[in-house]
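Participant: Kindly return the folded structure for what I paste below:
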Amino acid sequence: MKVRNFIGAMAVAGLGLAPQAALAQATSTAGTTTARVDDGALKSRIEARLKNSASLKGDDINVDVNHGVVTLTGTVHSEAQSLRARSLAKVAGVTNVENKLTVDSKTTRAMHKAGDKTDKAMDKAADKTDRAMDKTASKTEKMGDKSAAAAHKARHKSEKALENAGSKVENDDKATKTGTTGTATISDAWITTKVKSNFINEDALKGSDIDVDTNNHVVTLKGTVASAAGRARAVALAKSTKGVTRVVDTLTIAPAK
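Facilitator: You can find the predicted model right below:
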């Protein structure tokens, strides 16, 4: 009787353990099968959703699923379609969507074509401008030679006029002396002309550009000289001019080119 009861108990225990082992095996097997099936099932489901989307007709979209991560590749025709595809790929079981779709819209292609056309037009315009500039430069060079000759002639004429003015000033200087005081009535204009005439043919002032201004017998020298020696000479000549009470020196040294 005891032996029979022991055997019965073992049988019952065996029946209790068998379902648990079978269940564990089934769960393990089912888990492995489910992991493989899930990626494939997700891919099929996403591809179906993309195919049935009216807004994505005619687009070339590839779907790849790896451990719940979806990768979209291919080409769509607008940014809105790219966003729509990404949204449709987010189904239950998907952990992440990597959207690697390329947008190739008609607008983009039109812009590229327009850009190419614009580049060609710009190149053509640049060539035309270069030719026009070369022609203008040649013409300007000829005009420059002519202008240089005219400037030289005008300078010579101006120097001659200053020489004549200097002679006239000297004559006027003698004529304006009074017999009682021994002094002369000298105007600012006379002083300006006299100082300028003193600068003519002065070696130290070759290449200088000096402006002389006289106000109440005070001479102001402006402009440039070629050297410090030239500057000192200009000031000395101005001070030695009759009627000058003071010289204001604002000259700068700029070596002649």
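Participant: ranges for the helices of this structure?
Facilitator: In the chain, helices defined by DSSP state H lie at 2-51, 79-89, 106-175, 188-199, 228-239, listed in chain order.
Participant: rank those by pLDDT, which is bottom?
Facilitator: The weakest mean pLDDT among the helices of the chain belongs to helix 2-51, with a mean of 57.
Participant: count of neighbours near K157?
Facilitator: The tally of other residues near K157 (other CB atoms under 10 Å) stands at 10. C-beta: built from backbone N, CA, C; applies to glycine.
Participant: For stretch 51-63, measure first residue to last.
Facilitator: Terminal residues of stretch 51-63 are spaced 11 Å apart (CA to CA, to the nearest Å).
Participant: what's the residue lying closest to N198 once chain neighbours are set aside in contact with, if anything?
Facilitator: Leaving aside its chain neighbours, N198 sits nearest to L237 (4.5 Å; criterion: CB to CB, 6 or more residues apart in numbering). L237 makes contact with V195, N198, F199, E202, according to CB atoms under 8 Å, 6 or more residues apart in numbering.
Participant: so the last one touches A232, yeah?
Facilitator: The one in question is E202. No. At 11.8 Å, E202 does not count as touching A232 under the criterion of CB atoms under 8 Å.
Participant: related to what we said a few turns ago, most surrounded residue in the contacts of L237?
Facilitator: If you rank those by neighbour count (other CB under 10 Å), V195 sits at the top with 26 neighbours.
Participant: how close does the residue nearest to N198 get to S44?
Facilitator: Distance of L237 to S44, computed by CB to CB, to the nearest Å: 105 Å.
Participant: Number of residues surrounding S227?
Facilitator: 17.
Participant: isn't it right up against T252?
Facilitator: No. If you go by CB under 8 Å, S227 and T252 don't touch, sitting 11.5 Å apart.
Participant: Show the contacting residues for the closest residue in space to D209 that isn't next to it in sequence.
Facilitator: Ranked by CB to CB, 6+ apart and with sequence neighbours excluded, the top spatial neighbour of D209 is G223, at 4.7 Å. For G223, the contacting residues are S208, D209, I210, D211, L251, T252, by CB under 8 Å, 6+ apart.
Participant: Just send those back as TSV, with neighbour count and distance to M122 too.
Facilitator: Output for the contacts of G223, formatted as TSV (neighbours: other CB atoms under 10 Å; distance: CB to CB, whole Å):
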residue	neighbour count	distance to M122
S208	21	48
D209	13	44
I210	18	50
D211	13	48
L251	22	50
T252	9	45
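Participant: nearest to K142, of those?
Facilitator: D209 (26.2 Å; CB to CB).
Participant: For that closest one, which residues count as its bridge partners?
Facilitator: According to DSSP bridges, the partner residues bridging D209 are T224.
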